[in-house]
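Participant: When you get a sec, could you give me coordinates for this:
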Amino acid sequence: MAMTVRLPEELDRKLEALARERGTSKHALIIEASDRFMRSEAKTARVLAAVDDISIRYAETLRRLEDA
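Facilitator: Numbering: from 1, shown residues only. Here you go, the predicted model:
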């Protein structure tokens with residue numbers, strides 16, 4: 001799917017320099033960065049779900065530890 005991304009000039013310059021260093025395109029860097037971000041967000045969601053599950057499953061134990 002095509003889309004236009006408007007970047008601040010400074011970020012565009014940094015992307016251009018990094019793309020040149022890596023021998024790739026800014027497009028490829030943006031795809032890589034987007035993919036990393038999405039994987040990170042998915043991991044965060046899984047961790048938060050696990051914490052919720054633990055806090056429910058061990059609520060009584062956690063309350064007893066607070067009182068100790």
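Participant: Please identify the helix or strand for L62.
Facilitator: Using DSSP states H and E, L62 maps to helix 59-67.
Participant: Now do that helix: everything it contacts.
Facilitator: Contacts of helix 59-67 with the rest of the structure, by Cβ atoms under 8 Å, 6 or more residues apart in numbering, involve S55. In short, each C-beta sits where N, CA and C put it, glycine included.
Participant: burial of D12, as a residue count?
Facilitator: For D12, the count of nearby residues is 13 (other Cβ atoms under 10 Å).
Participant: Could you check how far the longest helix along the chain is from the centre of its chain?
Facilitator: Counting residues, the longest helix found in the chain (DSSP state H) is helix 26-57. Centre-to-centre, helix 26-57 and its host chain are 5 Å apart (Cα atoms, centre = their mean, to the nearest Å).
Participant: pLDDT (mean, whole number) over it?
Facilitator: Per-residue pLDDT values across helix 26-57 average out to 90.
Participant: ok, now stretch 2-15?
Facilitator: 94.
Participant: So which bits of that stretch are buried?
Facilitator: Using 16 or more other Cβ atoms under 10 Å as the test for burial, stretch 2-15 gives L15.
Participant: Distance across that stretch, terminal residue to terminal residue?
Facilitator: Criterion Cα to Cα, to the nearest Å; first-to-last residue distance in stretch 2-15 is 19 Å.
Participant: Check which residues of the longest helix of the chain are buried.
Facilitator: 26, 29.
Participant: report the angle between the axes of it and helix 59-67?
Facilitator: Interaxial angle, helix 26-57 versus helix 59-67 (axes from the mean of the first three to the mean of the last three Cα atoms, to 10 degrees): 80 degrees.
Participant: Remind me what helix 26-57 packs against, helices and strands.
Facilitator: helix 9-22 (3 or more Cβ pairs under 8 Å, 6 or more residues apart in numbering; DSSP states H and E).
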